[in-house]
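Chemist: the following comprises the amino acid sequence and a computationally predicted model.
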Amino acid sequence: MNDATNTRDPIIKFDKVVKRFGDHVVLDELDFEVQRGEKVTIIGPSGSGKSTVLRILMTLEEINDGVVYVGGEPLWHQRKGDSLAPASEQHLRQMRSQLGMVFQQFNLFPHMTVLRNLTEAPVQVLGVSKAEARKRGMELLEMVGLTDQANKYPHQLSGGQQQRVGIARALAMRPKVMLFDEPTSALDPELVGEVLNVIRSLADEHDLTMLLVTHEMHFARQVSDRICFFDQGRIKEQGKPEEIFTAPKEERTRAFLKAVLDPDD
Ligand SMILES: Nc1ncnc2c1ncn2[C@@H]1O[C@H](COP(=O)(O)OP(=O)(O)OP(=O)(O)O)[C@@H](O)[C@H]1O
C-alpha cells in the first residue's frame, strides 16, 4: 500500500464491533469511521453506547466481536499471517499512545504541579528530556491560557482551569486523535464556556482528528464536520451538522433533538 492510499484510509474504523456487558448488548455490530483531520461528534440518548466507543479506543473496554482499526492497524488484535490474534499488552500500549483522551472528571495527578502534570508522561513514557518537556508544556499552557498557573496544584484551580490542563496534558503526548468524553459535564455552568473555547480553537487551528461525545448541542453544531446520532449501539443517522440539526431524516433523531433542545416543551 503506498502512502497516498494510506492517508485516504480512515484513521479510526469500527468494523461490525460488538460490545456486551453480560446479556446487555451496548454496541450492536457497529460500523463507524473517522477520517484523518475530521471532527466528529457523537450524540444520542443516555446508554446508547457513546462513551463506550471512546473507552474501547482508549483500550479501557475490550470488544466481544468485530475489529477496531486505528491508522489502518487492528487495535485489539495483531496480524498473524492472514488472520488476527488477540493483541499483546505491548501492542495495546503502542496503539493506545496514538490517542489522547479528555475525561469528564479531569483526573489530574493531585500531588503534582500543573506543569509536572504535563511533563510527567512525555518524560517517563516517550523519553523526552525534562527541558524539552517543560518547553512544550509551557507552550501548551499558553495555548489553553494558563501559563500563570504552571506552578500551582490542581486543587488550587477552578474546574474549568483543571479541565483546560487536562486537554493540555492529553496534547503533550502528541496524539494523532483526541477523544473528548463529555468534557464539560462535570463543570458548573459558568465554567463551561472557557473549556469549549479551548476545544473550539483546537478544532479551528489544527488538523488534529477529534472525536467528541457531548451534550452541548450548540457547540457540537459549531465545531463538528459530522454528527453521528447513536441509538441502541448503532448509528441511526449521520451527516453534516446543518443537516442533522435542521432537517433530520429519522423520527428518532427528531424526537431526541426536540427533547434536548426544547426540554420544557
Ligand atoms: N462497566 C460496565 N458494566 C456494565 N454495564 C456498563 C458498563 N459500562 C457501561 N455500561 C452500560 O452500557 C451502556 C452504554 O454505556 P455508555 O456509557 O457508553 O452510554 P452513553 O451513551 O455514553 O450514555 P451517557 O450519555 O449516559 O453517558 C449503559 O447502559 C451502561 O449502563
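Modeler: Yep, it's here.
Chemist: most centrally placed residue in the protein?
Modeler: For the chain, L179 is the residue whose C-alpha lies nearest the centre (C-alpha atoms, centre = their mean; 1.0 Å).
Chemist: regarding the chain, what is its longest helix?
Modeler: Identified as the longest helix of the chain according to DSSP state H is helix 189-205.
Chemist: mind listing what's buried in that helix?
Modeler: Residues of helix 189-205 classed as buried: 191-192, 194-196, 198-199, 202-203 (neighbour count, 16 or more other C-beta atoms under 10 Å). Any C-beta I mention is one placed from the backbone N, CA and C, and that applies to glycine too.
Chemist: name the helices or strands packed onto the helix or strand following it?
Modeler: Of the helices and strands lying after helix 189-205 in sequence (DSSP states H and E), the nearest is strand 209-213. On a contact count with 3 or more C-beta pairs under 8 Å, 6 or more residues apart in numbering; DSSP states H and E, strand 209-213 meets strand 39-43, helix 50-57, strand 177-181, helix 189-205, helix 217-223.
Chemist: where does I244 land in three-state SS?
Modeler: Put simply, I244 is helix when judged by DSSP: H, G, I helix; E, B strand; the rest coil.
Chemist: against I42, how distant is it?
Modeler: 11 Å (C-beta to C-beta, to the nearest Å).
Chemist: and if you look at A186?
Modeler: 18 Å.
Chemist: neighbour count: the two, which is higher?
Modeler: Set A186 next to I42 and count neighbours by other C-beta atoms under 10 Å: I42 wins out with 25 against 14.
Chemist: quick check: that one touching F230?
Modeler: Yes. Between I42 and F230 a contact is recorded at 5.6 Å, counting by C-beta atoms under 8 Å.
Chemist: what parts of this protein come near the ligand?
Modeler: Counting by C-beta under 6 Å from any ligand atom, the residues of the chain close to the ligand are 21, 26, 44, 46-52.
Chemist: compare those residues and tell me which has the most neighbours.
Modeler: Highest count within the residues of the chain next to the ligand by other C-beta under 10 Å belongs to G44, 25 neighbours.
Chemist: give me the spatial nearest neighbour of it, chain neighbours excluded.
Modeler: Residue nearest to G44 in three dimensions, not counting chain neighbours: F230, with 3.4 Å by C-beta to C-beta, 6 or more residues apart in numbering.
Chemist: do the same with R226
Modeler: Spatial nearest neighbour of R226, excluding adjacent residues (C-beta to C-beta, 6+ apart): V40 at 4.9 Å.
Chemist: hang on, isn't the one you found packed against F229?
Modeler: No. The pair V40 / F229 is not scored as a contact, 11.7 Å apart, by C-beta under 8 Å.
Chemist: the two: which has the busier surroundings?
Modeler: For V40 versus F229, the count of surrounding residues by other C-beta under 10 Å is larger for F229: 23 against 20.
Chemist: so who does the more buried one touch?
Modeler: Neighbouring residues of F229 by C-beta atoms under 8 Å, 6 or more residues apart in numbering: 43-44, 235-238, 244, 248, 250, 252-253, 256.
Chemist: closest to the ligand among those?
Modeler: Nearest to the ligand out of these is G44 (C-beta to the nearest ligand atom; 5.9 Å).
Chemist: test my guess that the closest one contacts D231.
Modeler: Yes. Using C-beta under 8 Å, G44 is in contact with D231, at 5.7 Å.
Chemist: what do those two both touch?
Modeler: Counting by C-beta under 8 Å, 6+ apart, the shared contacts of G44 and D231 are F256.
Chemist: in this structure, what spans have low per-residue confidence?
Modeler: 1-7, 265 (pLDDT under 70).
Chemist: in it, which spans are helices?
Modeler: Taking DSSP H as the test, the helices found in the chain are 3-8, 50-57, 89-96, 114-121, 130-143, 159-172, 189-205, 217-223, 241-246, 251-261.
Chemist: for D15, find the nearest of the ones you listed.
Modeler: helix 50-57 (12.4 Å; C-beta to C-beta).
Chemist: and the angle for that closest one with strand 39-43?
Modeler: 130 degrees (axes from the mean of the first three to the mean of the last three C-alpha atoms, to 10 degrees).
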